[in-house]
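Undergrad: I would like the atomic coordinates for the input below:
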Amino acid sequence: AMAIMPMLSPTIGGYLGESFGWRGPFWVLLLFGVLMWFLIYFDLGETHERSQSTFGQQMRDYGALLREPMIWGYFLTATLASGAYFAFLGGAPFVGERIIGMSPSQLGLYFATVAIGYIFGNFLSGRYSERIGIEPMMMYGGVIASVGVGVALFLMSVFPPVAAYLFFPMILVGVGNGMTLPNASAGAISIRPDLAGSASGLGGFLQIGGGAALAILSGNLISIENQAIPLYLIMFVSSIAGAAIAGWLYLRAKRV
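TA: Sure, this is the predicted structure:
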């Protein structure tokens, strides 16, 4: 679901925008939000006993997690890996429309390439993480994503920009993220199993927040004149930094 829906949704949104204007996707979001509310309210019952934890205790749990050095490594690896993808989300529409001349529906179709890579990366995670270890898988994922960004940077810099050069190397970014993100999440919640829910929530917040910040940064830096080179530099630094932190986690785990 995490891979297939991001593959279909940009395509649907592109066609909706072309057919009904910019309001079309928002009407569909409203409809789906209402349907989801009814589904949750009438069909999904609570299975967990009501927690006696107060808001103050929740904040103390977050503090306890943030004092764990290893958990910062997993959080930062996930944030940087997803940040590379979010930076692409922030910059690719500008590049596709203003530099290459793609339509919204074409952009949506090409965005599926990243999700295809993510599906394959998830497959590799499920098959090999237990055998290889989560830290090496995260490290390899960051390196694969960096290679994809490097290929895209080379193609977009040396040759006239086309959609294939913008999107096809991003398959490797999807593969890398599919290897990195599940393992980073598993590593984060394994540090304090008694606080697994808090670790999952805090990690998700940092992942989405950091990704949004990089998306804003890439969107502000790219222009027609610089041919989106800052976008790829941000993505490359983010991906390689995530791989480096995963390598640090691997060395630290070996010493323990």
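
Undergrad: after the longest helix along the chain, next one along is what?
TA: Secondary structure of the chain read by DSSP state H shows that its longest helix is helix 104-132. Moving toward the C-terminus from helix 104-132, the next helix or strand (DSSP states H and E) is helix 134-158.

Undergrad: and that next one with helix 104-132, angle?
TA: On the basis of axes from the mean of the first three to the mean of the last three Cα atoms, to 10 degrees, helix 134-158 is oriented at 150 degrees to helix 104-132.

Undergrad: so which strand or helix has Glu225?
TA: Judged by DSSP H and E, Glu225 forms part of no helix or strand.

Undergrad: distance of it from Arg98?
TA: Look at Glu225 and Arg98: by Cβ to Cβ, to the nearest Å, they are 11 Å apart. C-beta coordinates here come from the backbone N, C-alpha and C atoms, glycine included.

Undergrad: More neighbours: which of these two?
TA: Arg98 (13 against 6; other Cβ atoms under 10 Å).

Undergrad: Name the nearest residue to the more buried one, sequence neighbours excluded.
TA: Ile224 (5.9 Å; Cβ to Cβ, 6 or more residues apart in numbering).

Undergrad: what about the one you found, neighbour count?
TA: 10.

Undergrad: Could you pull up phi and psi at it?
TA: phi -60, psi -40 (degrees, to the nearest 10).

Undergrad: From Val151, how far out is it?
TA: Noted for Ile224: a distance of 22 Å to Val151, by Cβ to Cβ.

Undergrad: What helices and strands are in contact with the longest helix of the chain?
TA: helix 4-20, helix 69-94, helix 134-158, helix 163-167, helix 170-191 (3 or more Cβ pairs under 8 Å, 6 or more residues apart in numbering; DSSP states H and E).

Undergrad: Go again with 6 Å.
TA: Using 3 or more Cβ pairs under 6 Å, 6 or more residues apart in numbering; DSSP states H and E, the elements in contact with helix 104-132 are helix 4-20, helix 163-167, helix 170-191.

Undergrad: Following element in sequence after the longest one, please.
TA: From helix 170-191 onward toward the C-terminus, using DSSP H and E, the following helix or strand is helix 196-221.

Undergrad: That next one: which residues count as buried?
TA: Within helix 196-221, the residues that count as buried by 16 or more other Cβ atoms under 10 Å are 198-199, 202-203, 206-207, 210-212, 214-215, 217-219, 221.

Undergrad: just stretch 119-138 next, same as before
TA: By 16+ other Cβ under 10 Å, the buried positions in stretch 119-138 come out as 120-122, 124-125, 129, 132-138.

Undergrad: again, but for stretch 175-195
TA: For stretch 175-195, by 16+ other Cβ under 10 Å, it's 175-185, 187-189, 191-192, 195.

Undergrad: Please compute how far that stretch lies from its chain's middle.
TA: 13 Å (Cα atoms, centre = their mean, to the nearest Å).

Undergrad: now swap in stretch 26-35 and tell me
TA: On Cα atoms, centre = their mean, the centre of stretch 26-35 falls 23 Å from the chain's centre.

Undergrad: which outside residues touch that stretch?
TA: Residues outside stretch 26-35 that contact it (Cβ atoms under 6 Å, 6 or more residues apart in numbering): none.

Undergrad: can you rerun that using 7 Å?
TA: Here stretch 26-35 makes contact (Cβ atoms under 7 Å, 6 or more residues apart in numbering) with Leu16.

Undergrad: got it, and stretch 65-84?
TA: By Cβ under 7 Å, 6+ apart, the residues outside stretch 65-84 that reach it are 138, 141-142, 145, 149, 173, 176-177, 180-181, 184-185, 187-188, 191-192, 195, 198-199, 202-203, 206-207, 210-211, 214, 235, 238-239, 241-242, 245-246, 248-249, 252.

Undergrad: buried residues in that stretch?
TA: By neighbour count on 16+ other Cβ under 10 Å, the buried set for stretch 65-84 is 65, 68, 70-84.

Undergrad: now stretch 198-214: mean pLDDT?
TA: For stretch 198-214, mean pLDDT is 86.
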